[in-house]
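Colleague: sequence below, structure please.
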Amino acid sequence: RHHVNPPSLSTLEVARAPPEQKVEQEPTLNEAANLSQGDELSSSISSDETEPWSHRFTYCINGSKHLAREDTIHSVFLATGLFMDADEHIYPIPDRHAASTRATLRWFIDLCSAGVGMFVNAYVIITTGQIKTVWHHEYPTCWGPNENQMCPYNIQCEGLFPNTPTEGENGWTPNPDLCNPSPSNTYPDNMLCTLRVTSAVSYSEFAGIMGGMLIFGFLSDKIGRKGTGILTSCFMVLGLVGMVFYTDSHFNRLFQVWSVFFALFGFGVGGEYPLSASCSSESHLDATEQALQDNMSQRQMRMELELAKSARRGETISIVFAMQGVGAVFGSLVLIALIYFGNQSAIECTSAGNNSTGNGADALDGVWRSFYFIGFLQVLPLLIYRSVVSEESETFAKVQARKQRRKAEHGNVFLSKILWFYAPRLLGTAGCWFLWDIGFYGLKLYSGPIFQVLNPGGSLLVTNGLILLLNVISLVGNFAAAAIIDRTSIGRVKLQMFSFFLCSVLFLATGLLLDRGIAPSWVVTVLFYLANLAGQCGANSTTYVMAAETYPTELRSTCHGISAFAGKLGALLATIVFSYVSISWIFFITAITSVVALVFTWIFSVDLTHVSLSEHDAQLELFLEGQPEKYMGRLNKDEHLSNYERWTKRHGSYDPFWASNLSAKYDKITSERKIGSDRRHDSPKAP
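Modeller: Below is the predicted model:
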């Protein structure tokens, strides 16, 4: 099935001589590639193909630059992914399991467990738009000034709402115990809020997330994964506790303080991004070192597993990411249940104690505080687990040693020039994520006001029911993307471009119909749902997947973090700008960003469907050795290049057998060394 045979065992192993025998240093793979057939090589090599790799593999992280470099070269250039069939254009997508339904269920549960952070993130942050609908009904003087009220005769004072009755109308009079005497019968200052403060509740979350991505990414490499995980959980718990229990009779100050707690929670959530990426990278290192223990038959099995893993990588990442949609749906269900059991599902103007929106302020206060308390109950076990049960990553010390070795060998190359090497692809992942999150988070955070416009006069329960339907449709789109993203006829780039195209058309149509009022609200609502389905079954998944698979292991968390940071920057920009424009212009802006994102995808994005991640590590190693032209793997193949890389010829040549040819030269050199060593041992010693 594979045209390219894996290298022989002697190629993959470095002999280890007995302690009393001195062994000359073996050449690196780069040295082997540069040696001519006439070069004389001599060394003492022993080989036993039944012995596991680690018994003949030289590991050295004790300061010897040459030996440390050998370790990295071998683990990179001899990865199973480099010896898969590079000429196969259409990989058959293998079954997830050759085992029972129970194994498939366990596989799915494992993926869902890996996305717990995404679940909590969505439960608190993406549902902010729904929480705003509750605040809109509980604090109408803050969130609904200058808007007609559903129960005008429940209005307390004059001068704020357009449909305020005149004094004496149907017996209505201002509340003398509440209203300001001067100016006449107006609302007191402690019940009013500025637009800047109410908007800060949204964008403070993203400011915190962005700061957490940068700061905790640095701390994770300094104090370890366990300590960083405990800190991120502490910040999330602290933020949720403050949001649940802080109260203040001054509404403007109340939302100012809540903004701080939202930022603290976002700070912890932001730290989860680089933390999870680092743990994923270390899991890859663990698997690499375990592979060195294998014999030849085990390595062949690993090659089959690598093929299966690469063929379903997009699906795997998408399902983990889909836990964000699950969290949003769960949050919607919880909020609707709280509204229903809090007897706030209908507008009741005549009920005692209800405000001008027809709801009880005290009951709504208990609704949203209970909602966040349930979120607190989700994060608290995570904090306890990380503090008591979780242990520090076994590979943390090894990762640190490897970084020190790279710094000693390559100086500032890794910190500066290497990002320039990946700059075009970083423009693709970060740029598209930035543009998508402008629309995605903007529409999610403003889903409450959007549905209040699409469904004017609707009750709190109806509005949140419409948002629940939106989240369910989005979740269907997430799993639909997971089902088709690994098909070579579709792939990542085509799916993302088609998604952005549909979004631009549907968002533009929604904005035009809403702005001109030429269609009933249900038509506009259906278009809005279809636009979200198009985005979820495409751009929302592909931006995350491509950022996770476009970079080598040692850069994956860094570049994925930069891309995610750019996405949250777009979300922050949306929360600021959208608070100053009309609902129709929100749709116009998202249509424009979708068009720009389509162009960005066409120019800078690369499609790595079924390409092994080992290719990135091999390319990076040769780049750090100053010989990037010697990499001739699948990343140089035309179908896996961006248009920018094709236009600028920013790539090397492609040879499907480059890794096998390189290992064959290495195998020949080691064989010649062994022959030379045997001859020296057989020759008579001089008297």
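
Colleague: in the protein, which spans are strands?
Modeller: Here the chain has no strands by DSSP state E.

Colleague: residue nearest the middle of it, spatially speaking?
Modeller: Tyr544 (4.9 Å; CA atoms, centre = their mean).

Colleague: now it: closest residue in space, sequence neighbours ignored.
Modeller: Phe321 (4.8 Å; CB to CB, 6 or more residues apart in numbering). To be clear about C-beta, it is placed using only N, CA and C from the backbone, and glycine gets the same treatment.

Colleague: same question, Ala574
Modeller: Gly442 is the one closest to Ala574 (CB to CB, 6+ apart), at 3.2 Å.

Colleague: sorry, back to before: quickly note the distance from the residue nearest to Tyr544 to Ile485.
Modeller: Taking CB to CB, to the nearest Å as the measure, Phe321 falls 11 Å from Ile485.

Colleague: same deal with Val476?
Modeller: Taking CB to CB, one finds Val476 at 15 Å from Ile485.

Colleague: low pLDDT regions in the stretch 501-650 of the chain?
Modeller: Of all residues in the stretch 501-650 of the chain, none has pLDDT under 70.

Colleague: run the last query once more with 80
Modeller: For the stretch 501-650 of the chain, the stretches with pLDDT under 80 are 517-519, 521, 553-558, 575, 579, 614, 617, 621-622, 624-627.

Colleague: all helices of it, in order?
Modeller: 521-536, 539-549, 553-578, 583-604, 614-624, 643-648 (DSSP state H, counting those that start in this stretch).

Colleague: what of the stretch 101-250 of the chain?
Modeller: Under DSSP H, counting those that start in this stretch, the stretch 101-250 of the chain gives helices at 101-114, 116-121, 128-138, 140-143, 195-223, 225-245.

Colleague: JSON lines please, covering those and showing mean pLDDT and distance to Ser390.
Modeller: Compiled in JSON lines, the helices of the stretch 101-250 of the chain are given as follows (pLDDT from 0 to 100; distance: least, CB to CB, whole Å):
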{"stretch": "helix 101-114", "mean pLDDT": "66", "distance to Ser390": "14"}
{"stretch": "helix 116-121", "mean pLDDT": "79", "distance to Ser390": "13"}
{"stretch": "helix 128-138", "mean pLDDT": "86", "distance to Ser390": "29"}
{"stretch": "helix 140-143", "mean pLDDT": "89", "distance to Ser390": "41"}
{"stretch": "helix 195-223", "mean pLDDT": "80", "distance to Ser390": "14"}
{"stretch": "helix 225-245", "mean pLDDT": "89", "distance to Ser390": "6"}
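
Colleague: can you tell me which of those helices is nearest to His640?
Modeller: helix 101-114 (25.6 Å; CB to CB).

Colleague: which ones are touching Cys151?
Modeller: Neighbouring residues of Cys151 by CB atoms under 8 Å, 6 or more residues apart in numbering: 347, 349, 354-358.

Colleague: now with 6 Å?
Modeller: 349, 356, 358 (CB atoms under 6 Å, 6 or more residues apart in numbering).

Colleague: do Val124 as well
Modeller: Gly375.

Colleague: now do the same for it: its pLDDT.
Modeller: You'll see Val124 listed with a pLDDT of 86.

Colleague: any idea how far Pro165 is from it?
Modeller: 39 Å.

Colleague: the residue nearest to Leu641 when sequence neighbours are not counted - how many residues pack around it?
Modeller: Closest residue in space to Leu641, ignoring its immediate chain neighbours: His651 at 5.6 Å, by CB to CB, 6+ apart. Applying the criterion other CB atoms under 10 Å, we find 18 residues in the vicinity of His651.

Colleague: pretty sure His651 is touching Asn643, no?
Modeller: No. Taking contacts as CB atoms under 6 Å, His651 lies outside contact range of Asn643: 11.7 Å.

Colleague: quick check: closest non-adjacent residue to Phe500.
Modeller: Leu598 (4.0 Å).

Colleague: likewise Cys559?
Modeller: Nearest non-adjacent residue to Cys559 (CB to CB, 6+ apart): Tyr551, at 4.3 Å.

Colleague: that neighbour and His560 touch, don't they?
Modeller: No. With contacts counted by CB under 6 Å, Tyr551 stays clear of His560, the gap being 7.1 Å.

Colleague: of the two, which one has the most company?
Modeller: His560 (27 against 24).

Colleague: any idea how far that one is from Ala328?
Modeller: Distance from His560 to Ala328, by CB to CB: 22 Å.

Colleague: please tell me how far the residue nearest to Leu641 sits from Pro456.
Modeller: His651 is 55 Å from Pro456, by CB to CB.
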